[in-house]
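[1] Dropping the sequence and predicted coords here.
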Amino acid sequence: MKRSGEIKEQDGTETNGKKRRRISSDDEDLKPTNPLVSPLLTDLYQLTMAYGHWKAGRHEDHSVFDLYFRKNPFRGEFTIFAGLEEVLKHLRHFHFSDGDLEYVAELLKPEPEFIEWLASVDCRKIKVCAIAEGSVVFPREPLLRIEGPLAVAQLLETTFLNLVNYPSLVATNAARMRLAAGSDKLLMEFGLRRAQGPDGAVSASRYSYVGGFDATSNVLAGKLTNIPVKGTHAHAYVQAYSGIDDLRDRRLGDNSDFAGAVLKTREELGFHGAHDGELAAFISYAQAFPSGFLALVDTYDTLTSGVPNFIAVAIELIKLGKKPVGIRLDSGDLSYFSKKARQLLREAAEKVRSQATKRHVRPSSCGKQLTLTRRLAERLRGACCSDDHREQRPQRAAQPALGCVYKLVEINNRPRIKLSQDISKVSLPGSKQVYRLYGSAGHPLVDLMLLATEEPPLRGKRILCRHPLEAAKRCYVTPAEVEPLLQVVWDGAADTNDVAKGKDDPSDTDGVGPLFLARKHALAQLERLRDDHLREVNPTPYKVSVSEKLYEYMHELWEMEAPIMELS
């Protein structure tokens, strides 16, 4: 494996008489996960602006852009930042292919010299500072600060937004599920069949894991990222059996008539209304996966048939020294069925004098997030054992997009500001650094933005923190701890991100893979936030402030740039 960030140059290919950079074959593992991610994954106006800047001779002007969002999703007060690893891969591989150049020439019909310039474009003059992937972040603060030639930095906008928006939304939703379920529950993402296409499915698996989920049903996502893959069977498997006679083999392990033993146990427990075909399917599945038996119990009737049939099979597995995994609930009132299923499991355990049958309950539903959260809030986990399972699907009915934006904040060392009659859309000018200030109890108190040229806040030293838009909102903070959030992750061809670019290995507790590190970081960050910032109902807004100098800088520029109306 090559050292992180090391890029091998080759001679390249000729395009209009000029050579351009190519990526060597040993850099394959550092390519974007999705091959669609390329310079042409952009909006047309990025190319037209680049051409306009080139025609005006301003394409090399030094620029600074901020990528940020304006409002936390899902009516919450926090967001999990995700997608940075893919941003870095895009930077590393940013170059226009011959086919790309031919298409742009046909599309724009620009001067040939522009295509020659475009052929030479890469990101060796770009510098990116970013907040660590998996961090808890808040509105207005830059997640990425991009510096470099104006036209090149502009060409990165759409792709960066695409690589950050959806991942951060999914990771945030997953984190909210993790908080609702509690830290002791196993959460499983199960949305491949209903996801927004193949890439949406793999992205949902990947970033649900970053937000705190433990596993996915998506086999390809597991192969690509090493996320644990888990699952059970579908209703069709149960429907394939009509009765016990459909079993072609009644044996399991040392039991020459495992099926007969299951039938006897079911009879002794008094489960007389259970479906024989369902029982045959469960026996068949247990024969195939004796140490991974997890049954879908709602094909016919959850409490009259499904759970009793599971219990009968589970008891006989335990007698053979096996450990059944649990049941999956897929429809109906999940809260009620979970509690009643737990009751049946406990009653059966008492009858056979074995606590070992007190196994897991795994509900799954494509219902809205709020519904599941409320069900969990009904103390669902209190009726289940500590290593319970939950499944979730990546629908985003509550909010389809995060709404990140990419704004020019400085050009040739001059601050720029974007104004709007909607005050929430006014941008914060200038190159900035962000610091997280912690209180004596260890919780974050405020995120403070300063101009990059300002001295950083110091631990134990009182500092004024101002709301960027409302003059009366301000406070003094004496931080017990100060954490700078923006770090250089890309500087030309040298990727300085400290995340290893090897394949993710969630079993490696040293955290070699970037995905594992991002997940670990996200869970640690959530632990440090106060509960009132995290709660679902009426959460306390987290303070995002600016320094006195940045406040004055911004409002002076605002007054300077805003046109004065004339009334008559």
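    Alright, I've got the coordinates.
[2] what residue ranges in the stretch 1-150 of the chain score low on pLDDT?
    1-29 (pLDDT under 70).
[3] If we use 90, what do you get?
    Where the stretch 1-150 of the chain drops to pLDDT under 90, the residues are 1-31.
[4] Strands of that one, start to end?
    Remark: strands assigned in the stretch 1-150 of the chain by DSSP state E, counting those that start in this stretch are 13-15, 18-20, 62-68, 79-80, 127-130, 136-137, 144-149.
[5] which ones are touching residue 61?
    Contacts for residue 61 (Cβ atoms under 8 Å, 6 or more residues apart in numbering) come out as 53, 149-150, 411-412. C-beta coordinates here come from the backbone N, C-alpha and C atoms, glycine included.
[6] Compare these and tell me which has the most neighbours.
    If you count neighbours using other Cβ atoms under 10 Å, the busiest of these is residue 150, which has 23 neighbours.
[7] That residue against residue 53, yeah?
    Yes - at 5.4 Å, residue 150 counts as touching residue 53 under the criterion of Cβ atoms under 8 Å.
[8] what residues are shared contacts of the two?
    Counting by Cβ under 8 Å, 6+ apart, the common neighbours of residue 150 and residue 53 are 59, 61.
[9] before we move on, the earlier item: closest to residue 30 out of the contacts of residue 61?
    Nearest to residue 30 among those, counting by Cβ to Cβ, is residue 149 at 23.0 Å.
[10] Now the closest one: closest residue in space, sequence neighbours ignored.
    residue 60 (4.9 Å; Cβ to Cβ, 6 or more residues apart in numbering).
[11] What's the separation between the one you found and residue 407?
    Distance of residue 60 to residue 407, computed by Cβ to Cβ, to the nearest Å: 20 Å.
[12] So the two - more neighbours on which side?
    A count of neighbours by other Cβ under 10 Å puts residue 407 above the other of residue 60 and residue 407, at 18 against 15.
[13] Report the secondary structure state of the nearest residue to that one once chain neighbours are set aside.
    Nearest in space to residue 407, with sequence neighbours left out and distances taken as Cβ to Cβ, 6+ apart, is residue 427 at 4.6 Å. For residue 427, the assignment made with DSSP: H, G, I helix; E, B strand; the rest coil gives coil.
[14] What about residue 427, how many residues nearby?
    21.
[15] Surely it and residue 66 touch.
    Yes - Residue 427 is in contact with residue 66 according to Cβ under 8 Å; the separation is 7.4 Å.
[16] what sits in contact with each of those two?
    Common neighbours of residue 427 and residue 66 (Cβ under 8 Å, 6+ apart) are 407, 409.
[17] Go ahead and name everything in contact with stretch 242-254.
    Applying Cβ under 8 Å, 6+ apart, the external contacts of stretch 242-254 come out as 240-241, 256-260, 263, 276-277, 279-280, 283-284, 286-287, 290, 316, 320, 322.
[18] What subset of those residues is buried?
    Buried subset of the contacts of stretch 242-254 (neighbour count, 16 or more other Cβ atoms under 10 Å): 241, 258-259, 263, 276-277, 279-280, 283-284, 286-287, 290, 316, 322.
[19] among the residues you listed, which are in helices?
    Cross-referencing those against helices under DSSP state H gives 258-259, 263, 276-277, 279-280, 283-284, 286-287, 316.
[20] Widest-spaced pair of those?
    Spatially, the most separated pair among those is 277 and 316, at 18.1 Å (Cβ to Cβ).
[21] returning to what we had before: in contact with the residue nearest to residue 407, which residues are there?
    Contacts for residue 427 (Cβ under 8 Å, 6+ apart) come out as 66, 407, 409, 417-418.
[22] Show me where the stretch 401-550 of the chain has its strands.
    Using DSSP E, counting those that start in this stretch, the strands of the stretch 401-550 of the chain run over 405-411, 414-415, 432-438, 444-451, 463-466, 474-477, 481-484, 487-491, 543-546.
[23] Which among these is found nearest to residue 350?
    Residue 350 lies closest to strand 444-451 among the strands of the stretch 401-550 of the chain, at 47.8 Å (Cβ to Cβ).
[24] Tell me what angle the closest one forms with strand 432-438.
    Using axes from the mean of the first three to the mean of the last three Cα atoms, to 10 degrees, the inter-axis angle of strand 444-451 relative to strand 432-438 is 160 degrees.
[25] Start the count at 690 instead of 1 going forward.
    Right, with 690 as the first residue, what we last looked at is strand 1133-1140.
[26] can I have strand 1133-1140 written out in PDB, keeping just the CAs?
    Extracted C-alpha coordinates of strand 1133-1140, given in PDB (Å, rounded to 0.1, in the frame of the first residue of the first chain):
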ATOM      1  CA  PRO A1133     -19.500  21.800  24.400                       C
ATOM      2  CA  LEU A1134     -20.900  25.200  25.100                       C
ATOM      3  CA  VAL A1135     -20.500  27.100  21.900                       C
ATOM      4  CA  ASP A1136     -18.800  26.900  18.400                       C
ATOM      5  CA  LEU A1137     -17.000  30.100  17.800                       C
ATOM      6  CA  MET A1138     -15.900  31.300  14.400                       C
ATOM      7  CA  LEU A1139     -13.000  33.700  14.100                       C
ATOM      8  CA  LEU A1140     -11.200  35.200  11.100                       C
END
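[27] neighbours around residue 1142, how many?
    10.
[28] what about it, distance to residue 1234?
    Distance of residue 1142 to residue 1234, computed by Cβ to Cβ: 18 Å.
[29] swap in residue 925?
    Distance of residue 925 to residue 1234, given as Cβ to Cβ: 56 Å.
[30] mind checking pLDDT for residue 1063?
    We have a pLDDT of 39 for residue 1063.
[31] Residue 1086 too?
    So, for residue 1086, pLDDT stands at 56.
[32] so what's residue 762 up against?
    Here residue 762 is in contact with 768, 858, 861-862, 1087-1088, 1091 (Cβ under 8 Å, 6+ apart).
[33] For it, which non-adjacent residue is spatially closest?
    Spatial nearest neighbour of residue 762, chain neighbours left out: residue 1088 (4.6 Å); criterion: Cβ to Cβ, 6+ apart.
[34] I'd assumed residue 760 was in contact with that neighbour.
    No - look at residue 1088 against residue 760 with Cβ under 8 Å: they stay out of range, at 9.6 Å.
[35] which residues in the stretch 940-1089 of the chain form helices?
    For the stretch 940-1089 of the chain, the helices defined by DSSP state H, counting those that start in this stretch cover 947-957, 965-977, 996-1008, 1023-1040, 1058-1066.
[36] and these as TSV, adding distance to residue 819?
    What follows is the helices of the stretch 940-1089 of the chain, written out as TSV (distance: least, Cβ to Cβ, whole Å):
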stretch	distance to residue 819
helix 947-957	56
helix 965-977	46
helix 996-1008	48
helix 1023-1040	39
helix 1058-1066	28
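[37] how about these, which one is nearest residue 904?
    helix 1058-1066 (17.1 Å).
[38] picking up where we left off before, turn the strands of the stretch 1090-1239 of the chain into a markdown table, including mean pLDDT and distance to residue 795.
    Formatted as a markdown table, the strands of the stretch 1090-1239 of the chain follow (pLDDT from 0 to 100; distance: least, Cβ to Cβ, whole Å):
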| stretch | mean pLDDT | distance to residue 795 |
| --- | --- | --- |
| strand 1094-1100 | 98 | 27 |
| strand 1103-1104 | 96 | 36 |
| strand 1121-1127 | 98 | 40 |
| strand 1133-1140 | 98 | 44 |
| strand 1152-1155 | 98 | 51 |
| strand 1163-1166 | 97 | 55 |
| strand 1170-1173 | 98 | 46 |
| strand 1176-1180 | 96 | 31 |
| strand 1232-1235 | 98 | 45 |
